[in-house]
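Undergrad: predicted model and sequence below, questions to follow.
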Amino acid sequence: MNSALLNYYEAIEKASQDMLEAARVGNWDHVVKLEGACALLISQLKHAAAKQALGSEEAQLKSRIMQRILINDAEIRQLAEPWLEDLDHILAGRPKT
């Protein structure tokens, strides 16, 4: 079992869960901070994955982890949408309607 690669996936999943929790309470500064940490983990994962491969069981676990990350990401985007619309209005110099 290649636990080193799975550790990266699990760390990314944990970061995405932390991002979701921060988004749920409207702490967007923390979401952005965690997004940066997530990007670093993804970069490290890509480097490690180029040297190693996952076995069948590990690939199934990776798939389940990735599904949870995508679910978290979808909810974060849904929570961010009103905030992004407000930002768009501010940047465009338009009042909120």
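TA: Perfect, thanks for sending it.

Undergrad: so which helix or strand takes in the residue positioned nearest the centre of the chain?
TA: Central residue of the chain (C-alpha atoms, centre = their mean): Ser16, 3.9 Å from the mean position. Assigned by DSSP states H and E, Ser16 belongs to helix 3-24.

Undergrad: what's next to that helix, contact-wise?
TA: Contacts to helix 3-24, defined as C-beta atoms under 8 Å, 6 or more residues apart in numbering, come from residues 28, 30-31, 34-35, 37-38, 41-42, 44-45, 48-49, 52, 54, 58, 61-62, 65-66, 68-69, 72-73, 75-76, 79-80. Every residue, glycine included, has its C-beta placed from N, CA and C.

Undergrad: about what we covered before: how much space separates the residue nearest to the centre of the chain from Asp88?
TA: Relative to Asp88, Ser16 is positioned 25 Å away (C-beta to C-beta, to the nearest Å).

Undergrad: and the angle from the helix ranked longest in the chain to helix 3-24?
TA: Ranked by residue count, the top helix of the chain under DSSP state H comes out as helix 56-92. On the basis of axes from the mean of the first three to the mean of the last three C-alpha atoms, to 10 degrees, helix 56-92 is oriented at 30 degrees to helix 3-24.

Undergrad: how far does helix 56-92 sit from its chain's centre?
TA: Taking C-alpha atoms, centre = their mean, to the nearest Å, the mean C-alpha location of helix 56-92 is offset from the chain mean by 6 Å.

Undergrad: in the helix or strand just after the helix holding Ser16, what counts as buried?
TA: Reading on from helix 3-24 to the C-terminus, the next helix or strand found by DSSP H and E is helix 28-49. For helix 28-49, the buried set under the neighbour-count rule, 16 or more other C-beta atoms under 10 Å, comprises 31, 34, 38, 41, 45, 49.
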